[in-house]
Structure formats: C-alpha cells, structure tokens
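Enquirer: Fold the following and give me the result.
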Amino acid sequence: MTYNVTILSGDIVAGKGTNASDLDECFEGLRESAALIQGWQSTPVAFTRLGETSWQLALGPARPGLREALALRAGLRQKGRQFDTAIAIVSGNGHVPMDGDLGRAEGLVFLTSLGILDSLKGARFGHGDGSELAAVARLVDHVSARWTAAQAKAVLPMMAPDAPTHSTVADSLGITRQAVRQALMGAGYPALSEALLEVEGAPQPQRIGAVA
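Expert: Numbering: from 1, shown residues only. Predicted structure coming up:
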C-alpha cells in the first residue's frame, strides 16, 4: 500500500582518518535517535543504512521532519564533534515494506529526497516541501551546526515533543541541572524549540521545556 510519508535521506560527514569502526559508531548514534523518534510516533518509523555512509528514515504520515532531523544530528554529534550528517527532507507518496527495509522501498519521494541531498551546497539541511520550510531548514541547520558532543547529549532528549525536565535530563546524563541548562543555551535550544513549535502548528508554551 502507498502512503503519504516524509523521507529523510542522509550522508555522514566525518573528519579525516575516519575508519569503519567510527562509521559503525555513527550509525549507532543515528539508530539511537531513530528509536527515540519512534517513541514520539503512533505509526512505525523505518530507518535503514543504505551504504557505507548513507541512510534513510521514513515517517508516516507526512510531517515537517525538522524535529527529527535535529534529533538525528544530535544522536550522531553526541558520538563526537567531528561527526555530522547532511540531511534532505521531502514528503510525498511512497511504499515502505512491512519489514521497514528502505532499500526495497518504492516511490518517487525516495528518489526526490536523494536528489535534494545530492544538490546541497554549503548547507547540510535541505527541505523540498516549499520555500518556507526550506528557509527554516537552512536556519536550524546553521544554529545546530556547531553543537559539541556535550550539547548534543543535552539536546537529544529535549527534542521530544513532550520535553522532559532539565532535572530528568541531568539525572540521565549524570550531570547537574545547571550544566544541562548551559548546554541547551549554548546549543540554541530555546530558539530551535520555538521555531519547531511554529512550524508544526503547536500552541506556544509559556516556557521552553520544564526546568523543575
């Protein structure tokens, strides 16, 4: 059956000297993020490694995909600041096999996403669903491009639509609540969170994430 889906296609960007073990660790970080994203959804999320450095993730039904892109970057960057990924996002009709293997997926949306990925110049994030989302994608890419590993670890759980408290994140990371707050501020999380809420059409809260 064909569904309206959002496809994120990516290609890992790593520093010189990156070896197969490093790439395996990068994909471990991406899979951790994909598992977290699955917890946000009422429908299955499919993630597939497609080659040495490439991957795809499918979300259904269609959504902006920017929150998920940031979570994937955070999951990868927490493994080391030298690791990053280009990400192309686009929505359309496609067929995802029951086993979630996107290597056997069908539909123009998958090829379109890969085409956007190939056409990226300068920016690491690209969006194919209109100029407004493309502009927001460029901006959130710029804000998140310099995340440190410590900032990425703090940001990743906060990407959930129902963000945990700073205390919960601090306990999970074994650091202080103040350290979490400093990492989130340095990562530009407040502005990113507000932008995501606007793009997704959610009501604007009085506070960006609970702090208790």
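
Enquirer: looking at it, Pro164 is touching Leu156, isn't it?
Expert: No - shown here, Pro164 and Leu156 do not form a contact pair, counting by C-beta atoms under 8 Å, at 10.8 Å. C-beta coordinates here come from the backbone N, C-alpha and C atoms, glycine included.

Enquirer: The residue minimising distance to the centre of the chain: which element?
Expert: With distances taken as C-alpha atoms, centre = their mean, the residue of the chain nearest its centroid is Ala69 (2.2 Å). Assessed by DSSP states H and E, Ala69 sits inside helix 66-77.

Enquirer: which strands and helices sit next to that helix?
Expert: strand 3-13, helix 20-38, strand 54-59, strand 84-94, strand 125-127, helix 131-144, helix 149-158, helix 189-200 (3 or more C-beta pairs under 8 Å, 6 or more residues apart in numbering; DSSP states H and E).

Enquirer: what's the most buried one of the ones you listed?
Expert: Of all those, strand 125-127 has the most neighbours on average by mean count of other C-beta atoms under 10 Å, namely a mean of 27.

Enquirer: hmm, back to that, mind checking how far the residue nearest to the centre of the chain is from Thr43?
Expert: According to C-beta to C-beta, to the nearest Å, Ala69 and Thr43 sit 18 Å apart.

Enquirer: same deal with Val13?
Expert: Going from Val13 to Thr43 by C-beta to C-beta gives 29 Å.

Enquirer: again, but for Ile175
Expert: Taken as C-beta to C-beta, the span from Ile175 to Thr43 is 34 Å.

Enquirer: Same check on Gly122?
Expert: With C-beta to C-beta as the criterion, Gly122 and Thr43 are 34 Å apart.

Enquirer: When those two are compared, which one has more neighbours?
Expert: Taking other C-beta atoms under 10 Å, Gly122 and Thr43 do not tie; Thr43 has more neighbours (11 against 6).

Enquirer: ok, the residue nearest to the centre of the chain touching Ile87?
Expert: Yes - applying C-beta under 8 Å as the test, Ala69 and Ile87 come out as touching, 4.7 Å apart.

Enquirer: what do these two both touch?
Expert: Applying C-beta atoms under 8 Å, 6 or more residues apart in numbering, one finds that Ala69 and Ile87 are jointly contacted by Leu8, Phe125.

Enquirer: State the helix or strand in which Arg181 lies.
Expert: Secondary structure (DSSP H and E) places Arg181 in helix 177-186.

Enquirer: Flag the shaky bits of the chain, pLDDT-wise.
Expert: Along the chain, segments meeting pLDDT under 70 span 1-2, 202-212.

Enquirer: again, only using 90
Expert: Counting by pLDDT under 90, the ranges of the chain that qualify are 1-3, 14-18, 41-43, 51, 60-62, 121-122, 201-212.
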